[in-house]
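Q: need a structure here:
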Amino acid sequence: MPENQNAQNTQTARTPDQAGDQTTGQIRKSDDEWRAQLSPEEYAVLRQAGTERPWTGEYVDTKTTGVYRCRACGTELFRSDTKFDSHCGWPSFWSPMAGDRVRLLEDRSFGTVRTEVRCARCDSHLGHVFEGEGYGTPTDQRFCINSVSLTLEPDEAAGTS
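A: Numbering: from 1, shown residues only. A predicted model of the protein is given here:
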């Protein structure tokens, strides 16, 4: 969504801690509201479709069992049981929690065609998805996601490893 459309609609949906389906209410905030909520690095990736440097993100090598949420709105996006080591420098998942949690958009930046992954609830940039790379995953997809786009909520019963 272009920034000027974002700035025109400042309606905010339910907060992520409220009961119910988190994907039903769209979150729209002004550019100033996003800048106030996010750090400069988070803003650059989530709102301006930037990319963190490879091997610098906090979740690249994380093995903690839990749920990965959108850092901007708290929507549950990925489970740790779909995370795999792709050796690409960013956290990789073979599937989102549900197809309606993310939006996939054609990305023609950098002179190539890629598929951008965005949070369906707040339209924040998460990363890209690639197919047919030969990873031994059930979907043959690699959701290559910026760590700065996520927060990890560890499972209480499982602990961390």
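Q: C-alpha from now on. contacts and neighbour counts both.
A: OK.
Q: so residue 89 touches residue 54, yeah?
A: Yes: the pair residue 89 and residue 54 qualifies as a contact (CA atoms under 8 Å) at a distance of 4.4 Å.
Q: so for the two, which sits in the more crowded spot?
A: Shown here are residue 89 and residue 54; by other CA atoms under 10 Å, residue 89 has more neighbours (19 against 14).
Q: what's the spacing between the more buried one and residue 121?
A: Between residue 89 and residue 121 the distance is 26 Å, computed by CA to CA, to the nearest Å.
Q: spatially central residue for the chain, please.
A: Taking CA atoms, centre = their mean as the criterion, residue 126 is the residue nearest the geometric centre of the chain, at 3.5 Å.
Q: read off the pLDDT value for that residue.
A: pLDDT recorded at residue 126 is 98.
Q: that one: helix or strand, and which one exactly?
A: Counting by DSSP states H and E, the secondary-structure element that holds residue 126 is strand 125-131.
Q: partner strands of the following helix or strand past that strand and their direction?
A: For strand 125-131, the following helix or strand on the C-terminal side (DSSP H and E) is strand 141-145. Next to strand 141-145 in the sheet, as set by DSSP bridges, lie strand 92-93 (antiparallel), strand 125-131 (antiparallel).
Q: highest average neighbour count across those?
A: Among the strands paired with strand 141-145, strand 92-93 has the highest mean neighbour count (mean count of other CA atoms under 10 Å), at a mean of 26.
Q: circling back: CA atoms only for the strand holding residue 126 - export them in CSV, please.
A: As requested, C-alpha coordinates have been extracted for strand 125-131 and formatted as CSV (Å, rounded to 0.1, in the frame of the first residue of the first chain):
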residue,chain,number,x,y,z
HIS,A,125,6.9,-6.1,4.7
LEU,A,126,8.3,-9.4,6.1
GLY,A,127,10.6,-10.7,3.4
HIS,A,128,10.2,-12.9,0.3
VAL,A,129,9.2,-16.5,-0.5
PHE,A,130,11.1,-18.7,-3.0
GLU,A,131,10.0,-22.0,-4.6
